[in-house]
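Sharing a model prediction with you, sequence too.
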Amino acid sequence: MAVRIRRLLSPVTLLLCGLTVCPATAAAQDDTIGTDGYVHVAPNGTVLGVDPYYPTDGNGGYDVSHYDVTLSYDPANRFLNARTVIRAVTTQRLSRFDLDLRGLTVSGVLVDGVPAAFSRAKEHELVVTPRTELAEGTEFVVTVVYCGRPQAEYTPRGWTGWRPSVTGGAFAAGAPHSATTWFPVNDTTADKATFRVTATVPTGWTAVSNGVRESATGTTVTWAENTPIAPSATMIGIDRYTVRESTIADTPVFDAFAPGANTALSAELPAVVTFLSTRLGPFPYPSAGGLYVPDRLGYAHPAQGRPVFGAGTDESAFVRAVAAQWWGNKLAIKMWKDQPLPESFARYLGWLWDEHRHGADLEQRYRAAVAAAGPAFWARKLSDPGRGREFSVSDKGVLMVHALRKHIGDEKFFTVLREFPEINDNWNQGWHDWELYTAAVADMDLKPFYAAWVDGTTAPTAFVG
C-alpha cells in the first residue's frame, strides 16, 4: 500500500525556492529505473518504442492520475513560485524515475512525504531517486517545489509554453510542448491525467486555466479539469482579464479577454458549437470558452475546453480550434507523427462550417486545390511528415479527408467523422487504428487509398475522384 503525504509543504516553504539538494542514495539497479522517454506498446503487445520525433518526451515506469499545481506569479518581475503535487501509480519497480521540466530552479522533492534525491539531466529531465524503492503497482505522491522565470520554447510554428504577453501578463499554451515550461509533468499525450491549478496573482489580476473554476477568493483562484487531459492540451493565462460568462445549451462558457484582445470572434462560439454538435455529438467537456490575447500567435491553440486565440486568429482558425475539442482532445494522438490525422479532420470540419454558414462549394474548393498542387505539395507524407512538420501538412490532409468522403460515400464518411472520436473518448489513437476502423465501417479494402493518400509522396491520381 502506498504511503500518502500527510503534510504538504507550507505556503512559506513554497515561496522560499532555494538550491537545497537532498543527498544522493545508493546506485539503483537498471531494471528498477524508469525509462527516459515514453515507450509505446500496441494493443497486440508489439513494442512501438519511443516517439521517433521526440524520443525523450515522457517517461516510463509510472502512470500519472492527477496534477495539482499551486503557484504565485509576479508579473512585474516575471517570476514564478510553485509547487506541483503529482499522484501516480508505478508500472514497474522504481528506485529512480524522471519527470519533464524545462529550466526553473527546483528546491525540493518529496516522494510520499519523504525527501528524495534529485538532479537535472539533458534538456528537460528532473531525475528523482526516492529514499526507498517503490514496488510495482504502488500508488505514490511526488511533490516538487520550484521557482524562476519560465522560458518559452521555439518551434517551427513559433513560440510555445510560458511566454510574457504584450499586456504585461503571461500565458502558457502550445504543442508539441508547453506544460514542461511551468510544471513538472510526464510529457506524453499517452499519459492523460486530471488537472488542478490554484494561482495567486496581484490585485487586479486573475488567472484562467482549463476546466471549471472551483473557487475564487481575493486574488487566488482554483481551476479544475476533471476530464483527463494531455500535457500539450493544458493552458494558463494571467492578466487583467475582462470576463464574460454565459451558456451554450447546458454547457457553461467562460471567456477571458486580455486588454486589447479581439472580442468579435467569441460571438461565433454558440453557433460553431451548435453546428459541430450536430456532426460530432455533444460538446465533450463540462466547460467551454476561450482565452483571447492581443499577441500575434503562430496558430490558435486548441487547449482542452478553452482554446487560446491571438490577434491574428480568423474564423477558419477559430472553428478548427473548436473542432479539435473532438478531433484532437477527446480523441488524442499516440505519437506526434499521428498529429496530421486529427488536424486534417478538424480542418475539414472548418470546411463543413464554411459550407453551412457561407454556402461554400466544397467540391469546387477541393478540385481547385488539387489542380494547384505541385510535386512539392504531394511529396509530404501525411503518416510521417517529420519532426517539426507535424502541423504543416493539414492542407494536404484536408484534401485526403474530402477524397475519403467521395470514395466511401457520405453515409459511411459521416459515421467515421462522428464515431471515431466518440468510441475513442479519452483514448489515444494513430493512423493504423484509424485505417482499420475506417475500412471496417466502409466495408471496403482501403489499403490502396491509404497507400496513395496517407503514405504516398506523389499525386494520388487514382483516388482524386
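Yep, it's here.

Touching the longest helix seen in the chain from outside, list them.
Scanning the chain for the helix with the most residues, using DSSP state H, yields helix 340-358. Outside helix 340-358, the residues that touch it by C-beta atoms under 8 Å, 6 or more residues apart in numbering are 271-272, 275-276, 279-280, 302, 316, 319-321, 323-324, 327-328, 331-333, 360-362, 365, 382-383, 385, 390-391, 393-395, 397-398, 400-402, 417, 429-431, 434. (Each C-beta comes from the backbone N, C-alpha and C, glycine too.)

In PyMOL, select just the buried ones from these.
Buried subset of the contacts of helix 340-358, written as a PyMOL selection, criterion 16 or more other C-beta atoms under 10 Å:
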select buried, resi 272+275+276+280+302+319+320+321+323+324+327+328+331+332+333+365+382+383+385+390+391+393+394+397+398+400+401+402+417+429+430+431+434
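
Go through the contacts of helix 340-358 and flag which are in helices.
Short answer: those in helices (DSSP H) are 271-272, 275-276, 279-280, 316, 319-321, 323, 362, 365, 394-395, 397-398, 400-402, 417, 431, 434.

The residue lying closest to Pro286 once chain neighbours are set aside: neighbouring residues, count only.
Of all residues not flanking Pro286 in the chain, Val212 sits nearest, at 5.9 Å (C-beta to C-beta, 6 or more residues apart in numbering). Neighbour count of Val212, defined by other C-beta atoms under 10 Å: 16.

residues touching Val212, list them.
Trp223, Ala224, Glu225, Asn226, Pro252, Pro286, Ser287.

try Thr222
So Thr222 contacts Arg196, Val197, Thr198, Ala199, Arg213, Glu214, Ser215, Ala216 (C-beta under 8 Å, 6+ apart).

buried subset of those?
Buried members of the contacts of Thr222, scored by 16+ other C-beta under 10 Å, are Arg196, Val197, Thr198, Ala199, Arg213.

any idea which of the residues you listed is closest to Thr155?
Of all the buried ones among the contacts of Thr222, Thr155 sits closest to Val197, with 23.5 Å by C-beta to C-beta.

Could you look up the SS state of that closest one?
Classification of Val197 using DSSP: H, G, I helix; E, B strand; the rest coil returns strand.

helix/strand/coil for Gly108?
Look at Gly108: counting by three-state DSSP, its state is strand.

Surely it is in contact with Val114?
No: checked against C-beta atoms under 8 Å, the pair Gly108 and Val114 is beyond contact range at 11.4 Å.

So for the two, which sits in the more crowded spot?
Per other C-beta under 10 Å, whichever of Gly108 and Val114 has more neighbours is Gly108, with 21 against 13.

what's the burial count for the nearest residue to the more buried one once chain neighbours are set aside?
Closest residue in space to Gly108, ignoring its immediate chain neighbours: Val145 at 4.5 Å, by C-beta to C-beta, 6+ apart. When neighbours are counted by other C-beta under 10 Å, Val145 registers 24.

ok, and the closest non-adjacent residue to Ser72?
Thr200 (4.3 Å).

Verify the contact between the one you found and Leu71 for me.
Yes: in this structure Thr200 lies within contact range of Leu71 using C-beta under 8 Å: 7.3 Å.

on that earlier part again, if we only consider the contacts of Val212, which is nearest to Phe413?
Pro286 (29.5 Å).

What's the separation between the nearest residue to Arg163 once chain neighbours are set aside and Arg389?
Counting by C-beta to C-beta, 6+ apart, Arg163 lies nearest to Ala152, which is 4.1 Å off, once chain neighbours are set aside. Relative to Arg389, Ala152 is positioned 20 Å away (C-beta to C-beta, to the nearest Å).

what's the answer for Arg279, then?
28 Å.

picking that back up, what helices and strands are in contact with the host helix or strand of the residue nearest to Gly108?
Using DSSP states H and E, Val145 sits in strand 139-148. Here strand 139-148 touches strand 79-90, strand 105-111, going by 3 or more C-beta pairs under 8 Å, 6 or more residues apart in numbering; DSSP states H and E.

Adding mean pLDDT and distance to Phe118 as columns, could you present those in TSV?
What follows is those, written out as TSV (pLDDT from 0 to 100; distance: least, C-beta to C-beta, whole Å):
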stretch	mean pLDDT	distance to Phe118
strand 79-90	98	13
strand 105-111	98	4
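
wait, doesn't Ser65 sit right on Ala88?
Yes: with contact defined as C-beta under 8 Å, Ser65 counts as touching Ala88 (6.2 Å).

the more surrounded of those two?
A count of neighbours by other C-beta under 10 Å puts Ala88 above the other of Ser65 and Ala88, at 25 against 15.

which residues does that one contact?
Counted by C-beta under 8 Å, 6+ apart, Ala88 has contacts Tyr62, Asp63, Val64, Ser65, Glu139, Phe140, Val141, Val142, Asn186.

what about the first one, how many residues close to it?
When counting by other C-beta under 10 Å, one arrives at 24 neighbours for Tyr62.

tell me the contacts of it?
Neighbouring residues of Tyr62 by C-beta under 8 Å, 6+ apart: Gly34, Ala88, Val89, Thr90, Thr91, Leu94, Phe97, Phe140, Asn186.

Return the members of these classed as buried.
For these, buried by 16+ other C-beta under 10 Å: Gly34, Ala88, Thr90, Leu94, Phe97, Phe140, Asn186.

Phi first, then psi, for the first one.
In terms of degrees, to the nearest 10, the main-chain angles of Gly34 are phi -70, psi 150.

Please apply the same query to the fourth one.
Its backbone dihedrals place Leu94 at phi -130, psi 120, with angles given as degrees, to the nearest 10.

Need the nearest residue in space to it, chain neighbours excluded.
Leu134 (4.4 Å).

Show me what Ala332 is bridged to.
Beta bridges link Ala332 to Asn428, judged by DSSP bridges.

how close does it sit to Ala175?
Counting by C-beta to C-beta - Ala332 and Ala175 are separated by 11 Å.

where do the contact lists of those two overlap?
Joint contacts of Ala332 and Ala175 (C-beta under 8 Å, 6+ apart) are Ala233.

show me where this structure has helices.
Going by DSSP H, the chain shows helices at 11-15, 269-280, 315-323, 340-358, 362-372, 375-378, 394-408, 410-423, 431-442, 447-453.

Looking at these, spot the one closest to Gly237.
helix 315-323 (15.1 Å).

I'd like to know which elements the closest one is packed against.
Looks like helix 315-323 contacts helix 269-280, strand 308-309, helix 340-358 (3+ C-beta pairs under 8 Å, 6+ apart).

ok, and which of those has the densest surroundings?
Mean neighbour count, computed with mean count of other C-beta atoms under 10 Å, is highest for strand 308-309 among these, reaching a mean of 26.

Does anything pack onto that one? Which helices or strands?
By 3+ C-beta pairs under 8 Å, 6+ apart, strand 308-309 packs against strand 288-292, helix 315-323.

Quick one: these as CSV, columns for mean pLDDT too.
As requested, these are exported to CSV (pLDDT from 0 to 100):
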stretch, mean pLDDT
strand 288-292, 97
helix 315-323, 97
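
I'd like these as TSV, with distance to Glu123 appended.
Output for the helices and strands packed on strand 308-309, formatted as TSV (distance: least, C-beta to C-beta, whole Å):
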stretch	distance to Glu123
strand 288-292	28
helix 315-323	28
